[in-house]
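Asks: Pasting the sequence and the predicted coordinates here, then a few questions.
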2 protein chains.
Amino acid sequence: MTQTYQRIVLASRPQGGAVSPDNFRLERVPVPSVGPGEVLVRNHFLSLDPYMRGRMDDAKSYSAPQAIGETMLGGTAGVVEASQNPKFAPGDAVIGFLGWQEYGVSDGTGLNKVETRHVPLSAYLGPVGMPGVTAWYGLNQICQPKSGETVLVSAASGAVGSVVGQLAKMAGCRAVGIAGGPEKCAYVRDELGFDACVDHREHKDIRSMSAALKEAAPKGIDCLFENVGGVGLDAALARMNAFGRIAICGLIAGYEGGDIAIHNTRALLVNRLSLRGFIVSEHLEFWPQALGELAKGVATGKLKYRESIADGLAAAPAAFIGMLHGKNFGKQLVKLT
Amino acid sequence: MTQTYQRIVLASRPQGGAVSPDNFRLERVPVPSVGPGEVLVRNHFLSLDPYMRGRMDDAKSYSAPQAIGETMLGGTAGVVEASQNPKFAPGDAVIGFLGWQEYGVSDGTGLNKVETRHVPLSAYLGPVGMPGVTAWYGLNQICQPKSGETVLVSAASGAVGSVVGQLAKMAGCRAVGIAGGPEKCAYVRDELGFDACVDHREHKDIRSMSAALKEAAPKGIDCLFENVGGVGLDAALARMNAFGRIAICGLIAGYEGGDIAIHNTRALLVNRLSLRGFIVSEHLEFWPQALGELAKGVATGKLKYRESIADGLAAAPAAFIGMLHGKNFGKQLVKLT
């Protein structure tokens, strides 16, 4: 009897901005056989990330759109089950980009062996993976914080934001977060060690957010790591110090059509700000250094992280939609085993 | 009988955004005597520049506000009449920052002798002065255009924009301007040698402007030198190529309270843009090189420029207000002799 597994394909594109469960289709397909040079991986964890929302649209962006009827793209952590590739052996823990499915076949390209004695497998999809490197790159290469400066990061309890703030603290900065709700803010302050956290649910207009940021960052903001956009970004602009640096990593507030207009345009000039949008996959030369530092941080317990783990592939669409609305708490994963 | 001269002081701050002639007061005062180390300059030209609008407000900005009752600040070109400073002699042509007045006394700080055999005196307030260096710095140090790229500049017929486009052409780029009205656009194309010019009066909404920019910059925009803000900036963002660079030099569309919100925020991320606001006076280390190149351009006739010259100090307020509304054509000066 042929062994089968489940996968999720893109059934249709979101209409009117919001993603619906109907946009996805769960399928059962046969586990493929492994050809020469190939590796069969049993995926243990699927990573859900905001960038996936952009791929679902058929719009000009930095990547080609996800094709209809194809397995949803995504990062995965798993274990090799069968291999005809000399670089991989059954039992190897591997990180790949095998998508929303329980199994995946790879020719080895983009598949990386990882050690799981000191770092848990799932962490390679979070603080020691793409989100961690995103934080590391944007903070160190764009924001370039100096000791004593103030760093603000939005979505501060998330996979990227939590690393940004902790790296900022290690660099001797005041770390200020923006997060949604008292529970996330308490975590950001008390567990991650940020100096302050602003609850954006309490400050929905720019005047209120601006006052909150003034209190949380009394010496102004030198570095802004932006994951969200909208009111938080707009209010922060006016609180930036001269020669402040802004890394635009994500604008999740606008991914489903929300208003992310910048009204404090004048602050860009008056405060002589530098701003740069970036995609971490375009800066692969920094990954080895970043991953080395991040792995050390996790292995020694200095770099803390939190995961929201959905159970089973069928739960992925709801978890993904929830993440787009901030319902996750920390890195959103799907456990597939 | 004591010799007297005229000066203009700030009488009051603009209310509700718009500058009014009432905000200025013309005064007649005695020509001061020259003390030890001092120089008396007869100002021949006063430079009117958009940055002055910001100084008239009592708002947080990069410079202290202009004080009420004090002579309006401004760059001047003139000739030394009397000197007790060994560095200056009567008859020397000098550029200074002596303000809206027919005479000025200086201790020599910020006063620079210039040669007027190859470069006309007034050009030191335009292409071979602050506006020219502004163009040079923003283009070369921020936009960093490469041969074959497309450079877009707003207020393209103005003191700064006209230099930006001509330097871009010299660098082997396609130069595209935005200017107000068919006469200015014809000048930008036919006299300054830009490849294309978009008349913003014909394209007042973002959709129309975007279509015009697509036609004028068919290969997209690599460098944007922004003097204006508003619809032009917003439309340009969506037409920027990946890794495009934006220099924010001015946002004159917002100086009197106009809407300069950025709605295409997403383009900053999707196109991985870099943006930087700057003030040329904070980069004095580049002035000698820039002024040398600009002087050579003017002396050889390769760098063209145009002046709007108001006659007499009393005409300065109306000329200044006109400039804020784009009524000038080229560098706005006031002739004081």
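Replies: Thanks, I have the structure now.
Asks: At the geometric centre of chain A, which residue sits there?
Replies: With the centre of chain A defined as its mean C-alpha position, the nearest residue by CA atoms, centre = their mean is residue A:131, 4.3 Å away.
Asks: Pull up the gap between residue A:151 and residue A:23, please.
Replies: 36 Å (CB to CB, to the nearest Å). Every C-beta, even on glycine, is put in place using the N, C-alpha and C of the backbone.
Asks: ok, now residue A:237?
Replies: Relative to residue A:23, and taking CB to CB, residue A:237 is found at 34 Å.
Asks: need the next SSE after the helix or strand of chain A with the lowest mean pLDDT, C-terminal direction.
Replies: Counting by mean pLDDT, DSSP states H and E, the weakest-scoring helix or strand in chain A turns out to be helix A:51-55, with a mean of 92. Once helix A:51-55 ends, the next helix or strand along the chain (criterion: DSSP states H and E) is strand A:76-83.
Asks: Could you list the residues of chain A in contact with chain B?
Replies: Residues of chain A found near chain B (CB under 8 Å from any CB of the partner chain) are A:54, A:60-62, A:229, A:233, A:242, A:248-251, A:254, A:260-263, A:265-266, A:268-279, A:282.
Asks: Is there a quick PyMOL command that grabs whichever of those residues are buried?
Replies: To isolate in PyMOL the members of the residues of chain A next to chain B that are buried, counting by 16 or more other CB atoms under 10 Å in any protein chain shown, one can use:
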select buried, chain A and resi 54+61+229+233+248+249+250+251+254+260+261+262+263+265+266+268+269+270+271+272+273+274+275+276+277+278+279
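Asks: Among the residues of chain A next to chain B, which are located in helices?
Replies: A:54, A:233, A:265-266, A:268-270 (DSSP state H).
Asks: And those, which is closest to residue B:328?
Replies: residue A:269 (20.7 Å; CB to CB).
Asks: still on that earlier bit, would you pull up how far the least confident helix or strand of chain A lies from the middle of the chain?
Replies: 11 Å (CA atoms, centre = their mean, to the nearest Å).
Asks: So which residues lie in contact with that helix, not counting its own?
Replies: Helix A:51-55 is contacted by residues A:19, A:61, A:63, A:65-66, A:72-74, A:250, A:252, A:255-256, A:320, A:324, B:270 when judged by CB atoms under 8 Å, 6 or more residues apart in numbering or on different chains.
Asks: Closest one of those to residue B:106?
Replies: residue B:270 (50.8 Å).
Asks: Quick check: that closest one vs residue A:62, distance?
Replies: 6 Å.
Asks: still on that earlier bit, neighbour-wise, which of residue A:237 and residue A:23 wins?
Replies: Taking other CB atoms under 10 Å in any protein chain shown, residue A:237 and residue A:23 do not tie; residue A:237 has more neighbours (26 against 19).
Asks: Secondary structure element holding that one?
Replies: helix A:231-239.
Asks: For that helix, name the packing helices and strands.
Replies: Secondary-structure packing of helix A:231-239 (3 or more CB pairs under 8 Å, 6 or more residues apart in numbering or on different chains; DSSP states H and E): strand A:150-154, helix A:206-216, strand A:221-226, helix A:265-270.
Asks: any idea of the angle the third one forms with strand A:150-154?
Replies: The directions of strand A:221-226 and strand A:150-154 differ by 20 degrees, with axes from the mean of the first three to the mean of the last three CA atoms, to 10 degrees as the criterion.
Asks: Strand A:221-226 pairs with which strands, parallel or anti?
Replies: strand A:150-154 (parallel), strand A:240-248 (parallel) (DSSP bridges).
Asks: Can I get those strands in JSON lines including mean pLDDT?
Replies: Below are the strands paired with strand A:221-226 laid out as JSON lines (pLDDT from 0 to 100):
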{"stretch": "strand A:150-154", "mean pLDDT": "98"}
{"stretch": "strand A:240-248", "mean pLDDT": "98"}
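Asks: now, of those, which is deepest in the fold?
Replies: strand A:150-154 (a mean of 30; mean count of other CB atoms under 10 Å in any protein chain shown).
Asks: Could you check how far it is from the centre of its chain?
Replies: 16 Å.
Asks: cool, and stretch A:325-337?
Replies: With CA atoms, centre = their mean, you get 11 Å for stretch A:325-337.
Asks: now stretch A:267-285
Replies: On CA atoms, centre = their mean, the centre of stretch A:267-285 falls 17 Å from that of its chain.
Asks: cool, and stretch A:305-322?
Replies: Centroid separation for stretch A:305-322 versus its chain: 14 Å, with CA atoms, centre = their mean.
Asks: what's the span of it, first residue to last?
Replies: Stretch A:305-322 stretches 19 Å from its first residue to its last (CA to CA, to the nearest Å).
Asks: Give the buried residues for it.
Replies: Applying 16+ other CB under 10 Å to stretch A:305-322 flags A:305-308, A:310, A:313, A:316-317, A:319-322 as buried.
Asks: same check, this time on stretch A:285-305
Replies: A:287, A:290-291, A:293-295, A:297-299, A:303-305.
Asks: mind listing the helices in the stretch 1-150 of chain A by residue range?
Replies: Counting by DSSP state H, counting those that start in this stretch, the stretch 1-150 of chain A has helices at residues A:51-55, A:130-137.
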